[in-house]
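Engineer: make a model of this:
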Amino acid sequence: MDDYPNRHSPTDSADETEKETLVKQSAELAAFDEKLRHYADQRIALDLDDGVKVNYGKFGDLLAEVKAVTGGTVE
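Structural biologist: So this is what the prediction gives:
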């Protein structure tokens, strides 16, 4: 039996940090999943003749750096 039940090892801190990171990542993924579901439910039509700039803009803030690709604001 441990003589010091409240003593924490150095790995306890690392484990807690990793847990917090995983909780944050899980929340971020859940939020992305909701956004993705919204766009998937819309069944957005893509026309390859429109090009990347137009098609990329159809997905709002779902994709990274929309402004950099489209050159405009998020629709």
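
Engineer: buried set for the helix or strand harbouring K53?
Structural biologist: Taking DSSP states H and E as the criterion, the element that holds K53 is helix 51-57. Neighbour counts using 16 or more other Cβ atoms under 10 Å place N55, Y56, G57 of helix 51-57 among the buried residues. Bear in mind the C-beta positions are built from the backbone N, C-alpha and C, glycine included.

Engineer: where does this structure have low pLDDT?
Structural biologist: By pLDDT under 70, the weakly predicted segments of the chain are 1-10, 65-75.

Engineer: repeat the analysis, applying 80 as the threshold.
Structural biologist: Under the criterion of pLDDT under 80, the regions of the chain flagged as low confidence span 1-11, 53, 60-75.

Engineer: which stretches in it count as helices?
Structural biologist: Listed in chain order, the helices of the chain (DSSP state H) span 10-42, 51-57, 66-70.

Engineer: over to I44: give its phi and psi.
Structural biologist: For I44, the backbone dihedrals (degrees, to the nearest 10) come out as phi -60, psi 130.

Engineer: run a quick neighbour tally on it.
Structural biologist: In terms of burial, I44 registers 11 neighbours under the definition other Cβ atoms under 10 Å.

Engineer: enumerate the positions of stretch 16-33 that are buried.
Structural biologist: For stretch 16-33, the buried set under the neighbour-count rule, 16+ other Cβ under 10 Å, is empty.

Engineer: now the buried residues of helix 51-57 in TSV, with distance to D49?
Structural biologist: Formatted as TSV, the buried residues of helix 51-57 follow (distance: Cβ to Cβ, whole Å):
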residue	distance to D49
N55	10
Y56	14
G57	15
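
Engineer: which one of these is nearest to A14?
Structural biologist: A14 has its nearest neighbour among those in Y56, at 39.6 Å by Cβ to Cβ.

Engineer: wait, that closest one touches L62, no?
Structural biologist: No. Using Cβ atoms under 8 Å, Y56 is not in contact with L62; the gap is 9.8 Å.

Engineer: quick check, distance from the helix holding K53 to the centre of its chain.
Structural biologist: Helix 51-57 sits 21 Å away from the centroid of its parent chain (Cα atoms, centre = their mean, to the nearest Å).
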